[in-house]
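Asks: My questions concern the predicted model and sequence given below.
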Amino acid sequence: MPSLRDTQTAFCAAILSGDAASMLQWVRDDGITAEQRLHIYRNNNRVGSLATLQATYPVIERLGGADWFRQSATQYQVQFPSRSGDLQYLGERYPDFLRVYLADTDYAYFADVAALEWAYQVVLTAAERAPADLDTLRAVAPEDYERLLFVPRPAVRLVESQYPIFAIWQANQPSAVEPDFQIRLDAGPSRVLLIRRTDHVELRELSQGSYHLMRQFQRGATLGSAAISATTEIPEFDLRVCLEEVMALEAIADIELCDARDNEQN
Amino acid sequence: MKVPFIDGAAFARPIPASAGIGLRTPHQDLIVRERPSVGWLEVHSENYFADGGMQVERLMSVRSTYPLSLHGVGMSLGSTDPLDREHLRRLKRLVGWSEPAYVSEHVSWSSVHGTHLNDLLPLPYTEEALLHMIDRVDQLQNHLGRQILIENPSSYLQFVHSQIPEWEFLSALVTESGCGLLVDVNNVYVSACNHEFSAIRYLSALPAGHVQELHLAGHSRKRCTDREILIDTHSVPVCDEVWALYEFALNRFGPVPTLIEWDIDIPPLEVLLAEADKANRRLEHAHALAA
């Protein structure tokens, strides 16, 4: 008699890789063949996974079409089988999969659009934290500004792409009106901040400077080191303008002073 | 080891012996806004594992109005892999803030070698599997510090090495682990048709005093050569045969909280509430008999 472990291992192989040799001899064949019975589980697995991916990546399905999306979902499942009992995570590695699956094709930008859709899901379910009170800054002495840490709220994500992913995402929303212009893939990079509001997720395209500043804050950099980094990367960087833009987004949860040791690490 | 857990109802608003419905995404806003009259709500635990967000906030909002039952579909209790510690942590956190009357899972498995099939897969009913399930239910109950309910699965295959009828497997699991039973009447019907056993015999063999919740759902039919196989789809109304079996279950178990499950092709809320009314009429009859 096969052990429970062996039974489950063979069942999994029969569902995911179609290797049903062991299972066929362990399944009762009474009127309906073992293969037909296993096929029901295979189909349930495929349909369930596809439905979850469709719910997570509606823009990719719209861009690629239903048939292509179904094929890509099947391939994805083979290469990246689910690792969690919580379906929320089923599509976590789909952008990475697309990056390889569509590399060197005209559709390489799908991976970045998928990264945007995954970030949307993450923001949708992240912890709630109120935005920081700007009055906190009034209590900080000007000489300490460079030691300030701006900690982003948990329900905030940043996605950057060399493709115009924000425009592509917008044009493929159910409520979108058909654009009277064609989105050019060489239109330039897109830097998107996603933030959860009371009853929806907002996507906002940021300037290069503001995006860089937020990215540095996300990495735990102080205001001083974030400003140096931004100025080095972006000659026209204006700290005041970019910080005002970031604070107006209410994307920061905490403003705190970094102690000297942490500051050195930054 | 069998532990005398405090009944979950002691922590929370008890679930009345009436019909409840699942809180599903298409109806959430309407239920939050209008608080329709229904005995209680069921939710799939994993849908509320998130750290925050609108889904979690909606459940927080309605839990003051409705008694709650948490129904897990992803714990993979029957798996030979260790229980997922993160899954356990998130379930315990959810139980902590939502204070459900019941927490339930399935006699099934979903994962092996770290790979999840995200389906409720059948176990071979062997002594080994029984001892394994008793240990796993024990682990989960100890982790949560409360009794769980365990649900019979629907299945499309049986193993040649199964030695124990499913109803005996469930009865032994309940006796040895101290868990309660959630009897899915549609699952009994589906499996009975698919494996040609008597659904009446199945229900008659279950330990009546341990049955704390019933489920009703619709199924679809698929033709396999010269036979039909029933698929537990939760996508259509409860069929007449399952309503009849439900009446038998109420006669045997008494009036028990009953969930109308509808998870695919979810209809307007009034259709779901009309199905709940059908269950309520049968429950009222059972209450009258029990009085």
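Replies: Structure's in. What do you need? Numbering: from 1, shown residues only, chains lettered A, B, ... in the order given.

Asks: chain center to stretch B:262-272, what's the gap?
Replies: Remark: stretch B:262-272 is offset 18 Å from the chain centroid, using CA atoms, centre = their mean, to the nearest Å.

Asks: contacting residues for residue 256?
Replies: Reading this off chain A. A:148, A:149, A:151 (CB atoms under 8 Å, 6 or more residues apart in numbering or on different chains). To be clear about C-beta, it is placed using only N, CA and C from the backbone, and glycine gets the same treatment.

Asks: Chain B was what I was after
Replies: B:17, B:211, B:212, B:213, B:214, B:249, B:250.

Asks: May I ask which two of these are separated the most?
Replies: B:212 and B:250 (13.7 Å; CB to CB).

Asks: can you redo the contacts of residue A:256 as JSON lines with pLDDT?
Replies: Listed next are the contacts of residue A:256 as JSON lines, based on pLDDT from 0 to 100:
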{"residue": "A:148", "pLDDT": "96"}
{"residue": "A:149", "pLDDT": "96"}
{"residue": "A:151", "pLDDT": "97"}
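
Asks: I figured residue A:114 was touching residue A:57, is that so?
Replies: Yes - here residue A:114 reaches residue A:57: they are 5.9 Å apart, a contact under CB atoms under 8 Å.

Asks: Between those two, which contacts overlap?
Replies: Residues touching both residue A:114 and residue A:57 (CB under 8 Å, 6+ apart) are residue A:94.

Asks: where does residue A:263 land on pLDDT?
Replies: Looking at residue A:263, its pLDDT is 49.

Asks: Doesn't residue B:69 belong to a strand?
Replies: Yes - assignment of residue B:69 by DSSP: H, G, I helix; E, B strand; the rest coil places it within a strand.

Asks: show me where the stretch 101-250 of chain B has strands.
Replies: B:102-106, B:109-112, B:115-121, B:149-151, B:180-184, B:211-217, B:220-224, B:227-231 (DSSP state E, counting those that start in this stretch).

Asks: Can you lay out these as JSON lines showing mean neighbour count?
Replies: Shown next, in JSON lines, are the strands of the stretch 101-250 of chain B (neighbours: other CB atoms under 10 Å in any protein chain shown):
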{"stretch": "strand B:102-106", "mean neighbour count": "26"}
{"stretch": "strand B:109-112", "mean neighbour count": "26"}
{"stretch": "strand B:115-121", "mean neighbour count": "23"}
{"stretch": "strand B:149-151", "mean neighbour count": "23"}
{"stretch": "strand B:180-184", "mean neighbour count": "24"}
{"stretch": "strand B:211-217", "mean neighbour count": "25"}
{"stretch": "strand B:220-224", "mean neighbour count": "13"}
{"stretch": "strand B:227-231", "mean neighbour count": "17"}
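
Asks: Could you dump those strands into a markdown table with distance to chain A and mean pLDDT added?
Replies: Converted to a markdown table, those look like this (distance: least, CB to the nearest CB, whole Å; pLDDT from 0 to 100):
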| stretch | distance to chain A | mean pLDDT |
| --- | --- | --- |
| strand B:102-106 | 10 | 98 |
| strand B:109-112 | 4 | 98 |
| strand B:115-121 | 4 | 96 |
| strand B:149-151 | 15 | 98 |
| strand B:180-184 | 16 | 98 |
| strand B:211-217 | 15 | 98 |
| strand B:220-224 | 5 | 91 |
| strand B:227-231 | 5 | 93 |
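
Asks: residues touching the residue positioned nearest the centre of chain B, list them.
Replies: Computing the C-alpha centroid of chain B and ranking residues by CA atoms, centre = their mean puts residue B:151 first, at 4.8 Å. Listed by CB under 8 Å, 6+ apart, the contact set of residue B:151 reads B:71, B:104, B:105, B:106, B:107, B:181, B:182, B:183, B:184, B:187, B:215.

Asks: how about these in TSV, adding distance to residue B:235?
Replies: Formatted as TSV, the contacts of residue B:151 follow (distance: CB to CB, whole Å):
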residue	distance to residue B:235
B:71	17
B:104	21
B:105	22
B:106	19
B:107	23
B:181	25
B:182	20
B:183	21
B:184	15
B:187	15
B:215	15
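
Asks: mind pulling up the phi and psi values for the residue in the stretch 1-150 of chain A that chain B sits nearest to?
Replies: Residue nearest to chain B within the stretch 1-150 of chain A (CB to the nearest CB): residue A:85, separated by 2.9 Å. Backbone torsions of residue A:85, given as degrees, to the nearest 10, read phi -80, psi -10.

Asks: Where does whichever residue of the stretch 1-150 of chain B sits closest to chain A sit: helix, strand or coil?
Replies: Of all residues in the stretch 1-150 of chain B, residue B:74 sits closest to chain A, at 2.9 Å by CB to the nearest CB. Of the three states, residue B:74 takes coil under three-state DSSP.

Asks: Does it touch residue B:110 like I think?
Replies: Yes - taking CB under 8 Å as the definition, residue B:74 is a contact partner of residue B:110 at 6.5 Å.

Asks: Now the common contact residues for these two.
Replies: A:85, B:116, B:118.

Asks: ok, back up a step: and the nearest residue to the residue nearest to the centre of chain B once chain neighbours are set aside, bridged to which residues?
Replies: With sequence-adjacent residues excluded and distances taken as CB to CB, 6 or more residues apart in numbering or on different chains, residue B:151 is closest to residue B:182, at 4.1 Å. Counting by DSSP bridges, residue B:182 is bridged to residue B:151, residue B:213.

Asks: any idea how far residue B:182 is from residue A:74?
Replies: 34 Å (CB to CB, to the nearest Å).

Asks: And for residue A:198?
Replies: 38 Å.

Asks: The two: which is more packed in?
Replies: Neighbours per residue, other CB atoms under 10 Å in any protein chain shown: of residue A:198 and residue A:74, the larger number sits with residue A:74, 13 against 6.

Asks: and the helix or strand where residue B:61 lies, is it in reach of chain A?
Replies: Assigned by DSSP states H and E, residue B:61 belongs to helix B:54-62. Yes - using CB under 8 Å from any CB of the partner chain, helix B:54-62 comes into contact with chain A via B:54, B:55, B:56, B:57.
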